[in-house]
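Engineer: structure, please.
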Amino acid sequence: MGKFRIYPSKENTIASGYAYENINSSQNNIVDLWYGGGATDTAVLKRNSISRHLVYFDISELQAKLSNFDINPNYITSYKLKFKNSIPTDKLLEPEYEFDVLNKSVASSFDLVSYPINKYWDEGRGHDLERTKYVIKQNGSPILTGYSNWLSATTTTSWDSPGIYSNPTAQTAFNFTQHFPLGSEDLNMDITPLVNDWLSGGSQNYGIAFGFDSYFESLSTDTRYISSFYSNKTTYAFKPYLEVNYDQVIKDDRHWVTNNRTSRLFLYLFSGNQATNYYSAGTVTIKSNSNVVITSGLTPTHHSKGVYYVDVLMTGTTKGQKFKDVWQGVTFTPGMDQTDFTNSFDIRDNYYNNNAQKVNDYAIDFYGLPNNYSLNSGEIYRVYADVRMSFSNKKPFTDFGLEYRVTMGLEEPIPWTPMNAAIIDDCLSCFFDLETSWLLNSQVYKIEFRIVEFGTKRLISDTIIFRVVNPA
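Structural biologist: A predicted model of the protein is given here:
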């Protein structure tokens, strides 16, 4: 499972009520969502109040990756909005006694709803929504620390309705709900339809807001119920993000083509030493070693940047026969070049019956990323694994798998994911690309590996430790 994270460019929590509606709290490291409070209290400063959180993700880098097939849009499985839960602080939960007692409690058994924001808004420079901190009096005039807030998106622009919408679920085409049985769960919402709409140009990306479901927002209670999450102003490990999930693994069957299953053959294209996409191509023809056409007219499929494949079913062939796949009319610059690429493969034993059924012992050599190394943020490092039979230089003869994962303490930014298995110049190359642009500055990461073979998964003792440093 490929992962790519986008961290917020701006955030703010806004709240209703006389005490909050003009206040900006964008610089707080905690997002405090609440509903209720003061149902029987007539004091102006303690009326019922609700809060909502605004967050904006710049998706321009994602759009560039989708455009050049660094991430294949056809392989994306989900876009998820993720916030780490932060139990409300003891200070935040202290009752207020300025008028009648206002009790506060950690919310539980509730629903949060997210929905798109409908206009541009400014982050502002305020801190939190505790009045003793966010209002600074100078000569009798409070400093309200900028915009946005409950009433306004910017200094000159008001929301269409206070709080962005009066009824978000009824006024938005996309909205998403998550239930919190205990109240301590992390926010993890699949917002794929909305992000796809942004990417397709169906709507403008102004960000997304979330808060309590309208049922809870409409409740009038004596107790204020609060749920808290970490914002992007907090420590690195708990920053919120938009997570891109995609399945884009190269599994080249060139060494394991048989006559009783569909096999996938890949073509890898480079300009100098850089992977490059072609402008156009014809079709792929399968020929015998004596140039007899077996199959023609196969259409290549674009897998990733500079990588294409076709699926072939070689029925009627026998073990040991040799064939060629000819990729015809590959054009990089229209009117200037057109090239045919020819690769070869041979037929192996029956895939389902004739593989040795024993778990093998392998030796694995890793390179491409030194151990205990500091990496520059924004760079891409290709990590290779050369696999051979233990105590020999022989390559594995079974169709094994190799997986990796990346951890950061107890966090798992990249779960167990298959490594690419590409066959170039008849050599198997297992690798994955480690993109550092979304990894957090000055954090220590560890890469672990495991073999997958005949229903077993075996951890490899070798690991790679690294940290990411942002030169800026």
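Engineer: what strand or helix carries Thr77?
Structural biologist: Take DSSP states H and E as the rule and Thr77 turns out to sit in strand 76-83.
Engineer: now for that strand, which elements pack on it?
Structural biologist: Helices and strands touching strand 76-83, by 3 or more CB pairs under 8 Å, 6 or more residues apart in numbering; DSSP states H and E, are strand 187-190, helix 192-200, strand 241-246. Placement of C-beta: from N, CA and C, glycine included.
Engineer: among those, show me which one is buried the most.
Structural biologist: Highest mean neighbour count among these (mean count of other CB atoms under 10 Å): strand 241-246, with a mean of 20.
Engineer: now tell me what touches that strand from outside.
Structural biologist: Outside of strand 241-246, the residues within contact range by CB atoms under 8 Å, 6 or more residues apart in numbering are 1-8, 57, 59, 62, 71-72, 75-82, 191, 195, 438.
Engineer: any stretches of the stretch 101-250 of the chain with poor pLDDT?
Structural biologist: Where the stretch 101-250 of the chain drops to pLDDT under 70, the residues are 101, 128-143.
Engineer: show me where it has helices.
Structural biologist: Using DSSP state H, counting those that start in this stretch, the helices found in the stretch 101-250 of the chain span residues 131-134, 168-171, 192-200, 214-217.
Engineer: let's have these in a markdown table, adding distance to Lys119.
Structural biologist: Shown next, in a markdown table, are those (distance: least, CB to CB, whole Å):
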| stretch | distance to Lys119 |
| --- | --- |
| helix 131-134 | 24 |
| helix 168-171 | 13 |
| helix 192-200 | 15 |
| helix 214-217 | 21 |
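Engineer: out of the ones you listed, which is closest to Met336?
Structural biologist: Nearest to Met336 among the helices of the stretch 101-250 of the chain is helix 192-200 (32.2 Å), distances taken as CB to CB.
Engineer: list the contacts for the closest residue to Thr318 other than its chain neighbours?
Structural biologist: Residue nearest to Thr318 in three dimensions, not counting chain neighbours: Ile347, with 6.4 Å by CB to CB, 6 or more residues apart in numbering. Residues counted as contacts of Ile347 (CB under 8 Å, 6+ apart) are Val257, Thr258, Asn259, Met314, Thr317, Thr318, Lys319, Gly320, Gln321, Phe323.
Engineer: please apply the same query to Ile424.
Structural biologist: Residues in contact with Ile424 (CB under 8 Å, 6+ apart) are Tyr268.
Engineer: bridging residues for it?
Structural biologist: Assessed by DSSP bridges, Ile424 has beta-bridge partners Cys427.
Engineer: mind checking pLDDT for it?
Structural biologist: Listed pLDDT for Ile424 reads 86.
Engineer: repeat that for Ile447.
Structural biologist: Listed pLDDT for Ile447 reads 96.
Engineer: in the helix or strand harbouring it, which residues are buried?
Structural biologist: Assigned by DSSP H and E, Ile447 belongs to strand 444-453. Buried residues in strand 444-453, defined by neighbour count with 16 or more other CB atoms under 10 Å: Tyr445, Ile447, Glu448, Phe449, Ile451, Glu453.
Engineer: over to stretch 341-354?
Structural biologist: Buried-residue list, stretch 341-354, by 16+ other CB under 10 Å: Phe341, Asn343, Phe345, Ile347, Arg348, Asp349, Tyr351.
Engineer: just the buried residues of stretch 378-395, please?
Structural biologist: Tyr381, Val383, Ala385, Val387.
Engineer: same question but for stretch 16-35, I mixed them up
Structural biologist: 16-17, 19-28, 30-35.
Engineer: kindly report the same for stretch 283-301.
Structural biologist: Going by neighbour count (16+ other CB under 10 Å), the buried part of stretch 283-301 is Val284, Thr285, Ile286, Lys287, Ile294, Leu298, Pro300.
Engineer: repeat for stretch 145-160
Structural biologist: For stretch 145-160, the neighbour count (16+ other CB under 10 Å) marks Thr145, Gly146, Tyr147, Ser148, Asn149, Trp150, Ser152, Ala153, Trp159 as buried.
Engineer: ok, those vs Phe391, which is closest?
Structural biologist: Nearest to Phe391 out of those is Ser148 (CB to CB; 65.9 Å).
Engineer: so who does the closest one touch?
Structural biologist: Contacts for Ser148 (CB under 8 Å, 6+ apart) come out as Asn12, Ile14, Asn24, Ser26, Leu54, Trp121, Asp122, Glu123, Gly124, Thr154.
Engineer: and what of Arg388?
Structural biologist: Arg388 touches Tyr362, Ala363, Ile364, Asp365, Lys394, Lys395, Pro396, counting by CB under 8 Å, 6+ apart.
Engineer: let's see that with 6 Å instead.
Structural biologist: Applying CB atoms under 6 Å, 6 or more residues apart in numbering, we find Arg388 in contact with Ala363.
Engineer: which stretches of the stretch 251-400 of the chain have low pLDDT?
Structural biologist: Low-confidence segments of the stretch 251-400 of the chain, defined by pLDDT under 70: 351-359, 392, 396-398.
Engineer: so where do the strands sit in it?
Structural biologist: 263-268, 270-271, 274-275, 284-288, 293-298, 301-304, 307-312, 322-330, 339-346, 362-367, 373-376, 380-389 (DSSP state E, counting those that start in this stretch).
Engineer: which one of the ones you listed lies nearest to Tyr215?
Structural biologist: Per CB to CB, nearest to Tyr215 of the strands of the stretch 251-400 of the chain: strand 301-304, 44.7 Å.
Engineer: can you list the buried residues in that closest one?
Structural biologist: For strand 301-304, the neighbour count (16+ other CB under 10 Å) marks His303, Ser304 as buried.
Engineer: name the residues that touch it?
Structural biologist: Applying CB under 6 Å, 6+ apart, the contact partners of strand 301-304 are Phe69, Asn72, Gln248, Tyr308, Tyr309.
Engineer: among those residues, who's most crowded?
Structural biologist: Neighbour counts for the contacts of strand 301-304 (other CB atoms under 10 Å) peak at Tyr308, which has 23 neighbours.
Engineer: how much space between it and Ala281?
Structural biologist: Tyr308 is 8 Å from Ala281, where distance means CB to CB, to the nearest Å.
Engineer: same question for Ser288.
Structural biologist: Look at Ser288 and Ala281: by CB to CB, they are 22 Å apart.
Engineer: cool, and Phe345?
Structural biologist: Where Ala281 is concerned, Phe345 sits at a distance of 19 Å (CB to CB).
Engineer: out of everything not next to it in sequence, what's closest to Arg458?
Structural biologist: Closest residue in space to Arg458, ignoring its immediate chain neighbours: Ile451 at 4.7 Å, by CB to CB, 6+ apart.
Engineer: in this structure Asp386 contacts Tyr367, no?
Structural biologist: No: look at Asp386 against Tyr367 with CB atoms under 6 Å: they stay out of range, at 7.5 Å.
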